[in-house]
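1. Model the following, please.
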Amino acid sequence: MVDQARDVVAQYYDELMQKPVMPATTAAAVRRLLSEPLPVEPAAVTDVLRVVQEVVYPLSRHNGHPRFFGYVASPGSAAAMMGDLLAAGLNANVTSWRSAPAAAEMEHVVIDWLKTMIGYDSGAAGVLVSGGSMANLSALAVARTKADPEIGRVGAGGTGPLQIYTSAEAHFSIEKAARLLGVGSKNVQVIPTDSSLRMDVAELDRCIKADRRAGRTPMCIVANAGTVNTGMVDPLDEIASIAERERVWLHVDGAYGAFAALAPSAKHLFKGMERADSVALDPHKWLYISVGCGCVLYRNAEAAMDTFGHSAEYTRPVGLFRDEAFAFWDLSPELSRPFRALSVWLQIKLWGTRELASAIEGNVACARYFGSLVEASEDFELLAPVELSIFCFRCRPVGYTGDLDALNERILIELQRAGSSYLSNALVGGRFALRGCVLNYRTTVHDMDVLLEDVRTAARVVLG
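-> Next comes the predicted model:
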């Protein structure tokens, strides 16, 4: 059975370049192909795999295609697939050391490797979680406890309203976390950005001081190590100095960009990240791991344990002490957890950091090359600097006097339908942008040339 499934995957990758990046289909059409009554009798393996091969794979968006530039999506890797298979074979529930001793120790090793990759404190603690949103939620929960130590026991009310500070470019998971944690979305203060779309440090400093005078309690600063819109990195070192001086928890959302610290051309952008109280990472983005693997790091493990630590008789370790009494549920909201570390461990072991750094550097180079193509053209314009591997631009035909936002929206739809390349969208300075993110080790500069011509072709179709 496993061999047959492996053959299906192998054939999929052999044919990947011939597939449209996004299939031309509808929800109703896919549903008609998959809908059936609840099975009573077992089906043949060949029949089941045929559905995967003829329906599921063809009628999916192909993140592994070298010209898929939508969102921040990993192509996955053979090493990660092997890790997923091997982990599923064990089916460990990695809640604590005694649940899966080797899996738990492997996760500790992987966390140490991730800390080293981004230059974080070697004494920090960390845990693999489901993704960046869970990492951000976990970190903000710990920041809330530090700001109001009694909040977990007696609820909110011991301090003035808690305040979170982030920029307009922050991921929406920050506001969502504020709602879930009872901080309230109205207490997420949006700090303006400068002309390069980085957080305005002077305005941050002013807001924190004003809040203290007004009786509000600064809880957390969320700085971006690669924004999801444009890929910009906030001035982390300057923000860290404010956080230390004002005694405010600093969380760095590096879910998209932090692993670019491995790339020589981008490493300098992340100076100051090592001073953060917590960092969110996503191995399932720029380490090319399968979806479902994020990470949160805490400079001080005790702060996390004050937030998440809990015990019950049915979880009490009997006869175990010190390292063997360790539980991952003391570091995040999750109890049941899959063996995420194996895929990360295999990826790093089989690639090595030199190869990972080279792949990331190549992604950054492709995005910057595309930016240079746009700047050299007469019919396109960049809407934001290209700092990491995200580029935002729009078509601006010579002499066109119509609504550029509406035009580019129609171009995006036509491009996606055509299937050769795939972009997503963003709003930059109030303007509709065609947005791309290079996050695939298969992508080359030739693909960037093809992309520009694909956008031109879509524009010609739209303009008639």
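
2. Counting neighbours, which bits of the lowest-mean-pLDDT helix or strand in the chain end up buried?
-> When the helices and strands of the chain are scored by mean pLDDT, DSSP states H and E, helix 151-154 comes last with a mean of 78. Residues of helix 151-154 classed as buried: Ile151 (neighbour count, 16 or more other C-beta atoms under 10 Å). For the C-beta atoms, the positions are set from N, CA and C on the backbone; glycine is no exception.

3. what's next to it, contact-wise?
-> For helix 151-154, the surrounding residues in contact (C-beta atoms under 8 Å, 6 or more residues apart in numbering) are 144-145, 158, 306-307.

4. What subset of those is buried?
-> 144-145, 307.

5. of all these, which comes closest to Pro397?
-> Pro397 lies nearest to Arg144 out of these, by C-beta to C-beta, at 50.0 Å.

6. does the closest one sit in a helix, a strand or a coil?
-> Following DSSP: H, G, I helix; E, B strand; the rest coil, Arg144 is assigned to helix.

7. now Val110
-> Criterion first, three-state DSSP; result for Val110: helix.

8. can you give me the strands in the chain?
-> Using DSSP state E, the strands of the chain run over 125-129, 162-167, 188-191, 217-224, 249-253, 278-281, 294-298, 380-382, 390-395, 424-428, 431-437.

9. pretty sure Ala143 is touching Tyr298, no?
-> No - using C-beta atoms under 8 Å, Ala143 makes no contact with Tyr298, being 10.1 Å away.

10. Thr457 versus Ala418, what's the distance?
-> Going from Ala418 to Thr457 by C-beta to C-beta, to the nearest Å gives 7 Å.

11. Also Met17?
-> For Met17, the distance to Thr457 - C-beta to C-beta - is 19 Å.

12. Okay, now the unreliable bits of the stretch 251-400 of the chain?
-> 312-322 (pLDDT under 70).

13. what ranges do the helices span in it?
-> For the stretch 251-400 of the chain, the helices defined by DSSP state H, counting those that start in this stretch occupy 283-286, 301-308, 341-376.

14. and the ones you listed as CSV, adding distance to Asp200?
-> As requested, the helices of the stretch 251-400 of the chain are exported to CSV (distance: least, C-beta to C-beta, whole Å):
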stretch, distance to Asp200
helix 283-286, 27
helix 301-308, 28
helix 341-376, 24
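
15. Go through these and pick out the most buried.
-> Mean neighbour count (mean count of other C-beta atoms under 10 Å) peaks for helix 283-286 among those, with a mean of 27.

16. starting at the chain centroid, how far to it?
-> Relative to the centre of its chain, helix 283-286 is centred 7 Å away, using C-alpha atoms, centre = their mean, to the nearest Å.

17. go on, stretch 193-212?
-> 24 Å.

18. State the distance from the residue nearest to Leu350 when sequence neighbours are not counted to Ser290.
-> Nearest residue to Leu350, sequence neighbours excluded (C-beta to C-beta, 6 or more residues apart in numbering): Ala79, at 4.5 Å. Separation of Ala79 from Ser290 (C-beta to C-beta): 10 Å.

19. Then Arg435?
-> 24 Å.

20. For these two, indicate the residue with more neighbours.
-> Comparing Arg435 with Ser290 by other C-beta atoms under 10 Å, the one with more neighbours is Arg435, at 26 against 19.

21. and the more buried one, bridged to which residues?
-> Cys392, Ser424 (DSSP bridges).

22. so it makes contact with Cys392?
-> Yes - the pair Arg435 and Cys392 qualifies as a contact (C-beta under 8 Å) at a distance of 5.0 Å.

23. Run the chain-centre distance for stretch 63-73.
-> Centre to centre, stretch against its chain (C-alpha atoms, centre = their mean), the figure for stretch 63-73 is 13 Å.

24. ok, how many other residues are close to Asp3?
-> 6.

25. my bad, should have said Ser185
-> By other C-beta under 10 Å, neighbour count at Ser185 equals 12.

26. Equivalent analysis for Ala104, please.
-> A count of neighbours around Ala104, defined by other C-beta under 10 Å, yields 22.

27. repeat for Pro37
-> Neighbours around Pro37, by other C-beta under 10 Å: 5.

28. measure it to Leu49 for me?
-> Distance of Pro37 to Leu49, computed by C-beta to C-beta: 20 Å.

29. Figure out how far stretch 236-247 is from the centre of its chain.
-> On C-alpha atoms, centre = their mean, the centre of stretch 236-247 falls 24 Å from the chain's centre.

30. Only the buried residues of that stretch, if you could.
-> 236, 238-243, 246.

31. again, but for stretch 253-272
-> 253-263, 266, 269-272.

32. Just the C-alphas of that stretch, formatted as CSV.
-> Extracted C-alpha coordinates of stretch 253-272, given in CSV (Å, rounded to 0.1, in the frame of the first residue of the first chain):
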residue,chain,number,x,y,z
ASP,A,253,6.8,37.6,14.5
GLY,A,254,9.3,35.9,12.3
ALA,A,255,6.9,33.3,10.9
TYR,A,256,7.6,34.3,7.3
GLY,A,257,11.0,36.0,7.4
ALA,A,258,13.2,35.0,10.4
PHE,A,259,15.0,32.1,8.7
ALA,A,260,16.3,34.6,6.1
ALA,A,261,18.8,35.3,8.8
LEU,A,262,20.7,32.3,7.3
ALA,A,263,21.1,34.3,4.0
PRO,A,264,24.3,36.4,4.0
SER,A,265,22.6,39.2,2.0
ALA,A,266,19.8,39.5,4.6
LYS,A,267,21.4,38.6,7.9
HIS,A,268,22.0,42.2,8.9
LEU,A,269,18.3,43.0,8.8
PHE,A,270,17.6,40.8,11.9
LYS,A,271,20.0,42.5,14.3
GLY,A,272,18.2,42.8,17.6
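
33. correct me, but the residue nearest to Leu350 touches Val344?
-> No - counting by C-beta under 8 Å, Ala79 does not reach Val344; the two are 9.4 Å apart.

34. Between the buried residues of stretch 236-247, which sits nearest Glu381?
-> For these, the nearest to Glu381 is Leu236 (29.0 Å; C-beta to C-beta).

35. Got phi/psi on the closest residue to that closest one other than its chain neighbours?
-> Among residues not flanking Leu236 along the chain, Gly272 sits closest, at 3.4 Å (C-beta to C-beta, 6+ apart). Per-residue torsions, Gly272: phi 110, psi -20 (degrees, to the nearest 10).

36. quick one: contacts for Gly272?
-> Listed by C-beta under 8 Å, 6+ apart, the contact set of Gly272 reads 235-240.

37. how about the contacts of helix 151-154 in TSV, adding distance to His65?
-> Output for the contacts of helix 151-154, formatted as TSV (distance: C-beta to C-beta, whole Å):
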residue	distance to His65
Arg144	41
Thr145	43
Gly158	52
Asp306	45
Thr307	41
